[in-house]
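Colleague: Provided below are the primary sequence and the corresponding predicted coordinates.
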Amino acid sequence: MISLTSQQQAMLDGAEGKAAQKALQILLALAKIYQAEELLPVSSVQIAGVSYDNLGEAGLEYLTEMADSGGRVKVFTTLNPAGMDRENWQALGIPPDFARQQIRVLDAFARMGVVTTCTCTPYLVGNLPVFGEHIAWSESSAVCYANAVLGARTNREGGPSALASALTGFTPAYGMHLEENRRPALTVMVETGIHGTQSFGALGVSISRKVAHLANKPVVWIEGILSASLEELKSFCASLATYTGTAMFHIPGITPESSRYLRPEACVSVSRKELEEACRELNPIQDTPVDFVSLGCPHLDLPEIARIAEILSGKKVKKEFWITTSRPVKQMADQMGYTRIIEESGARFATDTCCVVAPIKGWFNCMATDSAKACYYASSKNQMETVFLPFEDVIQEALR
Ligand code: F3S
């Protein structure tokens, strides 16, 4: 039985309006399902299910109703990528009917006080929790990054539960909020050097094969990785979360909670050969030529965009090339002159959105990317074939 504070009880009784009351009812229903004993205060929220492609009319109606009934967020809240670039949607070929509905979605969030920056890397644009903070985030790669790399605590929320946390400032205390669920249970010995976003993505795929037979996927303790950059970690988080469904891992010397635990005795290893097999799995032999190139799953940071500009400078791309990132990072790229160089090459920024949530099914046949997660959704959601390459080779593919 959950115990409520007097503030929570008043909210449940309607003292803070209908939207907050309904939101708290949603959280209490979740608390009952997961046997949570209390509601924890959260410091930040990130809401997924923003694309009209995923939400549809029913989702838009729900958001409009919550905004109309006075819903206002109580904590810093940002959004996951939407179905289009709000400023550049026409150039990217988004149909006007879709754009109209997507803008209504974003406007409903804005009316509730949500910061309508749409990104799966909120931690790059100021939605950055500190160690030990309880938060309520939705995007699976960001949830994994928040838990493992930042040491914050969040379950993978659905869109409605994340919005409910934003409107109330609370989340039920279960899952990744509790110490016992963050402990590692399986050691993964990585027996080969891992470098670059593609290799870290392949590692997530390899680990998923090792735990595929386990009903409850364990938190893994990964040995053999001596260093990892922010870009490599965000790629790994996206891949691990997509292919295993887990939201936490530890790498001694790299992730902050690893010092709390001992190496689990149960152990598996990942060899060079197995990593190569994971790459091949996302790179099947196929005859379809690449007609779409995309970098930015998860959304790119500024150094990655600088590298793209450096390689594309003075050249012309020969394929449709989308560079996906958040609006604040794109604004820094504008300021640094990277946007001009990239756009002069013929590549396009797809800001606020990505190659998975944009309504591009049927537009392309084969996509080149460095992201294991993008490969997964390109084939399962958008029925594209995939070519899985290192970051710089993806750029070269666009020039070929
Ligand atoms: Fe982000 Fe879209 Fe990939 S939300 S993690 S760029 S699938």
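Modeller: Sure thing, it's come through.
Colleague: got the contact list for residue 121?
Modeller: Residues counted as contacts of residue 121 (CB atoms under 8 Å, 6 or more residues apart in numbering) are 142, 145, 234, 298-299, 301, 326. The way it works is simple: take the backbone N, C-alpha and C, and place the C-beta from them, glycine included.
Colleague: try it again with 10 Å
Modeller: Listed by CB atoms under 10 Å, 6 or more residues apart in numbering, the contact partners of residue 121 are 46, 81, 127, 139, 141-142, 145, 230, 234, 238, 296, 298-301, 325-326, 329.
Colleague: ditto for residue 242
Modeller: 140-141, 144, 201, 204-205, 208, 297, 371-377.
Colleague: Swap in 8 Å and give it another go.
Modeller: Here residue 242 is in contact with 140-141, 204, 372-373, 376-377 (CB under 8 Å, 6+ apart).
Colleague: filter these down to the ones close to the ligand.
Modeller: The subset of those within reach of the ligand, by CB under 6 Å from any ligand atom, is 141, 373, 377.
Colleague: circling back to that earlier point, most neighbours of all the contacts of residue 242, which one?
Modeller: Among these, residue 372 has the most neighbours (other CB atoms under 10 Å), with 32 neighbours.
Colleague: element containing the residue lying closest to it once chain neighbours are set aside?
Modeller: The shortest distance from residue 372 to any non-neighbouring residue, by CB to CB, 6 or more residues apart in numbering, is to residue 201 (3.3 Å). Mapping residue 201 onto the secondary structure by DSSP states H and E places it in helix 196-211.
Colleague: same for that helix, what does it pack against?
Modeller: strand 186-190, strand 220-223, helix 230-244, strand 267-270, helix 272-281, helix 372-380, strand 385-388, helix 391-399 (3 or more CB pairs under 8 Å, 6 or more residues apart in numbering; DSSP states H and E).
Colleague: and after the longest strand belonging to the chain, which helix or strand comes next?
Modeller: Longest strand in the chain by number of residues (criterion: DSSP state E): strand 292-300. Using DSSP H and E, the helix or strand that directly follows strand 292-300 along the chain is helix 302-312.
Colleague: List the contacts of that next one.
Modeller: Contacts of helix 302-312 (CB under 8 Å, 6+ apart): 231, 295-296, 300, 323, 325, 329, 332-333, 336-338, 341-342, 345, 347, 391-392, 395-396, 399.
Colleague: change it to 6 Å
Modeller: Helix 302-312 has contacts (CB atoms under 6 Å, 6 or more residues apart in numbering) with 329, 332-333, 338, 341-342, 345, 395.
Colleague: Stretch 151-159 too?
Modeller: Outside stretch 151-159, the residues that reach it (CB under 6 Å, 6+ apart) are 47-49, 129, 131, 133-138, 140, 143, 146, 175-177, 247, 256-257.
Colleague: With stretch 330-349 instead?
Modeller: If you take CB under 6 Å, 6+ apart as the criterion, stretch 330-349 is touched by 302, 305-306, 309, 312-313, 315-317, 321-323, 351.
Colleague: Got a quick PyMOL command for the buried subset of the residues you listed?
Modeller: Provided next is the PyMOL selection string for whichever of those are buried by 16 or more other CB atoms under 10 Å:
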select buried, resi 302+305+306+309+312+317+321+322+323+351
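Colleague: can you tell me which two in the contacts of stretch 330-349 are farthest apart?
Modeller: The span of the contacts of stretch 330-349, defined through CB to CB, is set by 302 and 316 at 23.6 Å.
Colleague: residues in contact with residue 2?
Modeller: Counting by CB under 6 Å, 6+ apart, residue 2 touches residue 31.
Colleague: run the last query once more with 10 Å
Modeller: Per CB under 10 Å, 6+ apart, neighbours of residue 2: 8, 27-28, 31-32, 35-39, 172-173.
Colleague: With residue 112 instead?
Modeller: 19, 47, 63, 66-67, 70-73, 77, 163, 166-167.
Colleague: swap in residue 324?
Modeller: Residue 324 is in contact with 81, 85, 119-120, 294-300, 330, 348-358, 371, 374, counting by CB under 10 Å, 6+ apart.
Colleague: 6 Å - rerun?
Modeller: Residues counted as contacts of residue 324 (CB under 6 Å, 6+ apart) are 296, 299, 350, 354.
Colleague: any idea how far the residue nearest to residue 372 lies from residue 321?
Modeller: Separation of residue 201 from residue 321 (CB to CB, to the nearest Å): 19 Å.
Colleague: picking up where we left off before, from the contacts of stretch 330-349, which is closest to the ligand?
Modeller: The closest of these to the ligand turns out to be residue 322 (CB to the nearest ligand atom; 10.3 Å).
Colleague: where does the closest one land in three-state SS?
Modeller: strand (DSSP: H, G, I helix; E, B strand; the rest coil).
Colleague: I am assuming it contacts residue 350, so please confirm or correct that.
Modeller: Yes: contact criterion CB atoms under 6 Å: residue 322 and residue 350 qualify, at 4.4 Å.
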